[in-house]
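**Q** build me a model:
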Amino acid sequence: MRIPGNVDVAMKGNLLYADSGPDLLTFDLSNVQEARLLHRVREAVPELPMPETGDVPTEYQPQNRPADAVVVGWQKL
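**A** Below is the predicted model:
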């Protein structure tokens, strides 16, 4: 199973909790071969803030990113 934008997961019993970009997903894994998405909480995980120091290129500023883009981390180059 692939979860786009996933960084963290947690399990409790047969339930898998995972982030998918800003969304929080809950899967039923009682049958691992047929994992089922039970619930999606949209915008549950806030986007990582921009670094306070350093220049962020214009194309990565929030107003210039595609509407469906999600920042999952920043890396200093």
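**Q** residue 44 and residue 24 touch, don't they?
**A** Yes: counting by C-beta atoms under 8 Å, a contact exists between residue 44 and residue 24, whose distance comes to 3.8 Å. Heads up, the C-betas are built off the backbone N, CA and C, glycines and all.
**Q** those two: which is more packed in?
**A** With other C-beta atoms under 10 Å as the criterion, residue 44 and residue 24 differ in neighbour count, and residue 24 comes out ahead with 16 against 12.
**Q** bridging residues for that one?
**A** Counting by DSSP bridges, residue 24 forms beta bridges with residue 19, residue 41.
**Q** thought it was touching residue 43?
**A** No: taking contact to mean C-beta under 8 Å, the distance of 9.1 Å between residue 24 and residue 43 leaves them out of contact.
**Q** can you pull the contacts of residue 40?
**A** Contacts of residue 40 were listed using C-beta atoms under 8 Å, 6 or more residues apart in numbering, and they are 20, 23-26.
**Q** between these, which sits nearest residue 11?
**A** For these, the minimum distance to residue 11 (C-beta to C-beta) is 10.6 Å, reached by residue 26.
**Q** measure that closest one to residue 12 for me?
**A** 10 Å (C-beta to C-beta, to the nearest Å).
**Q** for residue 50, give its distance to residue 44.
**A** When C-beta to C-beta is applied, the distance between residue 50 and residue 44 equals 20 Å.
**Q** ok, residue 26 and residue 12, which is more surrounded?
**A** Neighbour comparison, residue 26 and residue 12: the larger count goes to residue 26, with 15 against 8 (by other C-beta under 10 Å).
**Q** check which helix or strand that one maps to.
**A** Under the assignment given by DSSP states H and E, the secondary-structure element containing residue 26 is strand 23-28.
**Q** residues contacting the residue nearest in space to the middle of the chain?
**A** Here the mean C-alpha position of the chain is nearest to the C-alpha of residue 21 (C-alpha atoms, centre = their mean), at a distance of 2.0 Å. With contact set as C-beta under 8 Å, 6+ apart, residue 21 has these partners: 4-5, 45, 70, 72.
**Q** list just the nearest of those to residue 58.
**A** Comparing those against residue 58 with C-beta to C-beta places residue 70 closest, at 18.7 Å.
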